[in-house]
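Colleague: With the input below, show me the fold.
(2 chains)
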Amino acid sequence: MSILDYHYGDSYVHKMDPRIKMILLVVLTIVVFMISNFYVLLGMFALVMLVWKTARLPLKNILRYMKFLLGLVAFLVTLQALFFSSGENPVILLHPIIPEAVPLIGGIGTIYLDGILFGLILGFRLLTLVSIMPVFVMTTTIGETALGLVKLGMNYKYAYMTTTALNLIPSLQDEAKIVMDAQKMRGFQVFETGKLMDKLKAYTTLAVPLVVGAMRRAQLMGVAMEARAFGVHKTRTYREVLHMRTIDIVSFVIVFLICVLMVVLNIMLGGWF
Amino acid sequence: MGTIIEAKEFSYTYPRRENQVLRNINFKVQEGEFIAIMGRNGAGKSTLSQALDGVIPHLHGGTVWGDIVVDGLNTQTASVADLAQKIGIVLEDPEAQLFTTRVDDEMAFGIENLCLPREEIIERITWATKVVRLEGYWDREPTALSGGQKQRCAIAATLAMKPKIMVLDEPTSQLDPIGTYEVFDVIRSLKEEYGMTILITTHKSEHIAEYADRVMVLENGQIEAFDTPQVIFRNAELLSHVAVRPPQVSSLAAYLNSYGQNIPRNEFPILLDEAEQMVRKLIGGK
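Modeller: Numbers count the residues shown, from 1 in each chain, chains lettered A, B, ... in the order given. Purely as a prediction, here's the structure:
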């Protein structure tokens, strides 16, 4: 199951007003970018995981994606460890293999402790960020999202454009899997056993049917939407009604206050970079 | 009952193509009729069904000659959205025409665009759900339904807009026999209980023989024949010429004739009951 698909459930987060969820999504994302203290970031991460738990979403889904992202984090840490240069007096763990005096490549081989920490913060920020969006997508239907956007003042045509694009990602993922399985069944093994260059080339055999299929689908969907009078009037009506409940507002205030607290803590403890 | 659809010298060419996909199409459909459009692949069946609800030429472009008038609206000058309230279309691919994440959202989409008040939206989708027999499926995901259920959901989504005419373009070509039966059963009730005019393109001769009032046979973009199923399905020369398969029971009669029986052409059965009577007569009236 994709982390960008609606996940059926009746948890408290599922029932929350989509407008509140949208605003919280934006607030959380901004706060994660503002925080540069590692411990505070850890706190933010715990908060997001707590929301996952409240929404009764399977944690193993996001953990699988994180495992995939750990490679990227390791790459970030290595890069920063070797090439960190923004600090004034960085702590140096190992002296350079190539002396500083050599032009262009001088100084390579130095490992900066500050770089490692900076890389870790970047990586952790990334992991926190990728866990925020799925909570929204997995607990809000396309209809609710569109209606929420409209009630926040967006033109309904743009609202549907946005939600349709969101919906396209999981269907493309499914399609990609079908194409890859079909190729595998006919003995195409480059994705498992091939060399890197072969793998890169093999992606065209995957991309072409995906893109062609997506375009064909988009055209049919356009016909289907038009045939159901999409875009006749400047506004439209909605069957669903959004109810902003007291508990929604209370939880919004709580999460917002925690976010403020995090930012304050970040200032008090001092950002690391 | 008056004429509800009239095509006058209608021809059409797709953009950047030379040949006419439809040529000099002339026909009239009466209100409440069940019309089947048959013909080989590429004969122009889908093109004609898209021309009826204005998708051609409004969305696909191309060149049009002649007119199609649907319940007083000319498809060339009226907008697709205005036409949508007169004529509903259900497409072949069950996946591509369902684009929401809940069955009830899917059904409500069209009427929400028409700016109906909320109470009426709920009333109408409740009614449409009953017609297609999808009660209890409102909170399901359309993509997780069976093929037959998907097409019934698509029918309900169109039906909620209360069009007078329903055009179905190969609605059962991707379905198994059970799904096909479910869909045809719903289509029949649209005609019989709600008096809708039905136009359907399909290859399923058995179902057409049972339900259709008239069959339009297309060949190479032209109308080759337009008559009752009895006349069409008993005309073996016509059917082999246009590559339309007769119902299995008609083939049975032809097969028996090739083994020395002498069943007259105009008594060929097209329905299962008729075939039963024929066989009983052949084996001595038992």
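
Colleague: number of nearby residues for residue 254?
Modeller: You didn't pick a chain, so chain A it is. Look at A:I254: counted by other CB atoms under 10 Å in any protein chain shown, it has 10 neighbours. C-beta: built from backbone N, CA, C; applies to glycine.

Colleague: Let me rephrase: I mean chain B.
Modeller: 15.

Colleague: now B:I121
Modeller: Counted with other CB under 10 Å, the neighbours of B:I121 add up to 23.

Colleague: now do B:I37
Modeller: 28.

Colleague: Pretty sure it sits against B:L48.
Modeller: Yes: counting by CB atoms under 8 Å, B:L48 is a contact partner of B:I37 at 6.3 Å.

Colleague: Quickly list what's touching both of these two.
Modeller: Common neighbours of B:I37 and B:L48 are listed as B:T201, B:L218 (criterion: CB atoms under 8 Å, 6 or more residues apart in numbering or on different chains).

Colleague: residues in contact with residue 156?
Modeller: Let's take chain A. A:A146, A:V150, A:T235, A:R236.

Colleague: my bad, the chain I had in mind was chain B
Modeller: B:E106, B:M107, B:I125, B:A128, B:T129, B:V131, B:V132, B:L134.

Colleague: sec struct for it, please.
Modeller: When classified by DSSP: H, G, I helix; E, B strand; the rest coil, B:A156 comes out as helix.

Colleague: any idea where the helices of the chain begin and end?
Modeller: No chain was given, so I picked chain A. For chain A, the helices defined by DSSP state H cover A:12-15, A:18-34, A:38-54, A:59-83, A:113-139, A:142-151, A:156-185, A:190-193, A:196-227, A:246-269.

Colleague: if you could check chain B rather than the one you did, that'd help
Modeller: Using DSSP H, the helices found in chain B span residues B:45-52, B:55-58, B:80-84, B:103-113, B:118-131, B:147-159, B:177-194, B:205-211, B:229-233, B:236-242, B:248-258, B:272-282.

Colleague: how about these in CSV, adding mean pLDDT and distance to A:Q80?
Modeller: Shown next, in CSV, are those (pLDDT from 0 to 100; distance: least, CB to CB, whole Å):
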stretch, mean pLDDT, distance to A:Q80
helix B:45-52, 92, 57
helix B:55-58, 85, 55
helix B:80-84, 82, 56
helix B:103-113, 92, 46
helix B:118-131, 95, 55
helix B:147-159, 93, 51
helix B:177-194, 92, 57
helix B:205-211, 92, 68
helix B:229-233, 93, 76
helix B:236-242, 90, 71
helix B:248-258, 89, 73
helix B:272-282, 89, 77
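
Colleague: can you put these in TSV and add distance to A:K199?
Modeller: Listed next are these as TSV, based on distance: least, CB to CB, whole Å:
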stretch	distance to A:K199
helix B:45-52	39
helix B:55-58	41
helix B:80-84	45
helix B:103-113	39
helix B:118-131	48
helix B:147-159	36
helix B:177-194	40
helix B:205-211	49
helix B:229-233	56
helix B:236-242	49
helix B:248-258	51
helix B:272-282	56
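
Colleague: near chain A, which residues of the stretch 151-286 of chain B?
Modeller: B:A157, B:T158, B:M161 (CB under 8 Å from any CB of the partner chain).

Colleague: ranking these by neighbours, who comes first?
Modeller: Within these, neighbour counts (other CB under 10 Å) peak at B:A157, which reaches 30 neighbours.

Colleague: what residues are up against it?
Modeller: Going by CB under 8 Å, 6+ apart, B:A157 touches A:R228, B:L98, B:E106, B:M107, B:F109, B:G110, B:A128.

Colleague: Show me which residues of the stretch 51-200 of chain A are close to chain B?
Modeller: Contacts of the stretch 51-200 of chain A with chain B, taken as CB under 8 Å from any CB, map to A:T141, A:I142, A:G143, A:T164, A:N167.

Colleague: Thanks a lot, catch you later.
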